[in-house]
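**Q** what follows is a predicted protein model with its sequence.
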Amino acid sequence: MKTPSFISEREEIWASRKKAKKAFDSVLNLSAEDDKGLFVGVAMKAEESNGRYTYRLLDEGMVVYSDGSPRSYLMKGTIQAFYDSLSDDYVGYINLGHVDFAIDPIILGSWTKKDLTVVDIGEGRKGLDVSFQLDDRLSKVKDLKLMNFTMAVSAEFYASINWNAVDLLEAEYPIFDQIDILGFAIVGDPGNINSAGLKLKEESNMTKQKKSFSETFEEMMSKITKKQPEQDPETKEDLAVELPEGLTIEKMAEIADEVERLKAVEKNAEEIAEQGIKLAEELIAAKEELKEAKEKLAEYDKAIPSVFEKFTALANDLELKHEQKKKEILKNDEEATDFKKALENLKAMEAAAKKEGE
């Protein structure tokens with residue numbers, strides 16, 4: 001992909017903005033507090049090591065627009081005060097292009113206080129360097145690393161305006177004496193000009209090596225298979241192909257084998273990645289099914305005591321009714337026996353009376 005012209009022109013604009021900032025900072029010297037006791041570190045340039053980047057996040061002094069005019073001013077002492085007040089357990093975020101989380105809830109990475117370094121940038125001013133790592137699993141990070149141009153970091157913060165300084169200078173831009181950095185974004189053009197020029201990690205060595213092998217092999221094969229000028233059969237001599245020094249046909253064959261091997265490795269990696277995605281989807285589905293089963297089981301667990309209580313009450317009620325019925329039957333049996341005895345006595349009395357009458 002070719003780099004658009006406006007991106008290439010940024011370098012000149014950035015250079016002019018740096019000159020404008022330097023000019024403003026040389027004549028404007030505002031401090032939020034006494035510089036005594038401020039931490040002094042070594043200014044760090046952009047670095048990258050194993051996918052971890054260290055870059056300038058913010059500077060004290062003037063912030064300028066692309067035309068060099070003032071945009072805002074950060075008073076001396078604000079960066080150190082922010083660093084000192086930041087809690088050790090605070091976790092800041094990294095997003096893309098200052099997009100609101102409510103609109104695009106994708107976090108590219110995070111940072112903590114231990115990833116920050118306050119540095120001396122001269123004339124009593126401080127800068128803030130941040131060391132960070134992006135999540136390479138995200139497609140947005142992969143897209144950023146495919147871009148062949150430099151980018152920047154841009155802080156997102158709340159700030160307090162020193163209105164006394166604004167009124168005194170009759171400034172048409174805000175002058176900040178306190179800041180609270182929440183996170184930062186990867187952007188194409190920053191407010192703080194010294195945060196420009198970030199180069200995200202290029203393609204892996206294996207990819208570079210594979211392209212190198214492929215290009216070399218195709219170039220050599222093109223030279224070998226190039227049509228030679230026709231000669232008289234009687235005077236034609238064996239034509240020798242000139243190869244670069246140290247490169248032989250055998251070496252080219254090895255290179256070709258290596259290219260094919262790397263292609264196979266790449267294909268296998270893609271297949272493994274696809275299988276991994278499929279397994280991850282199956283795992284998510286299985287987790288959902290397990291969650292549903294657990295919820296149903298929990299419902300059963302809640303229902304079982306209630307059913308058991310109802311069953312126990314019913315059994316007790318049946319037993320009580322059985323006992324009552326049994327007592328009623330016994331009582332009826334006793335009454336029947338008494339009635340039978342009374343009947344027999346009555347019959348005996350009738351028989352005796354009859355006998356006396358005779």
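**A** On my side now, so go ahead. Note that the structure is predicted; figures quoted are calculated from it, not measured.
**Q** who's in contact with stretch 179-190?
**A** 7, 10, 57-58, 66, 74, 78-79, 82, 86, 92-99, 108, 111, 128, 130, 134, 144, 151-160, 196, 198 (C-beta atoms under 8 Å, 6 or more residues apart in numbering). (Glycine included, C-beta is placed from N, CA and C.)
**Q** so how far is that stretch off the chain centroid?
**A** The chain centre lies 17 Å from the centre of stretch 179-190; the measure is C-alpha atoms, centre = their mean, to the nearest Å.
**Q** please apply the same query to stretch 265-275.
**A** So, by C-alpha atoms, centre = their mean, the centroid of stretch 265-275 is 23 Å from its chain's centroid.
**Q** just the CA atoms of that stretch, as PDB, please.
**A** Extracted in PDB, the C-alpha atoms of stretch 265-275 (Å, rounded to 0.1, in the frame of the first residue of the first chain):
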ATOM      1  CA  VAL A 265       4.100 -23.600   8.100                       C
ATOM      2  CA  GLU A 266       2.000 -20.500   7.400                       C
ATOM      3  CA  LYS A 267      -0.800 -22.700   6.000                       C
ATOM      4  CA  ASN A 268      -0.700 -25.000   9.000                       C
ATOM      5  CA  ALA A 269      -0.700 -22.000  11.300                       C
ATOM      6  CA  GLU A 270      -3.800 -20.700   9.600                       C
ATOM      7  CA  GLU A 271      -5.500 -24.100   9.900                       C
ATOM      8  CA  ILE A 272      -4.600 -24.300  13.600                       C
ATOM      9  CA  ALA A 273      -5.900 -20.800  14.100                       C
ATOM     10  CA  GLU A 274      -9.200 -21.700  12.500                       C
ATOM     11  CA  GLN A 275      -9.400 -24.900  14.600                       C
END
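**Q** quick one: average pLDDT of that stretch?
**A** Per-residue pLDDT over stretch 265-275 has a mean of 80.
**Q** cool, stretch 104-112 as well?
**A** Rounded mean pLDDT across stretch 104-112 is 91.
**Q** just stretch 139-150 next, same as before
**A** On average, stretch 139-150 scores 88.
**Q** show me this protein divided up by domain.
**A** 5-198, 205-226+244-301 (automatic domain parsing).
**Q** just to be sure, Tyr73 is in a strand?
**A** Yes - according to DSSP: H, G, I helix; E, B strand; the rest coil, Tyr73 belongs to a strand.
**Q** so what's the closest residue to it other than its chain neighbours up against?
**A** The shortest distance from Tyr73 to any non-neighbouring residue, by C-beta to C-beta, 6 or more residues apart in numbering, is to Ile175 (4.6 Å). Each residue near Ile175 by C-beta under 8 Å, 6+ apart is listed here: Leu30, Ser72, Tyr73, Met75, Ile161, Asn162, Ala165, Val166, Leu169.
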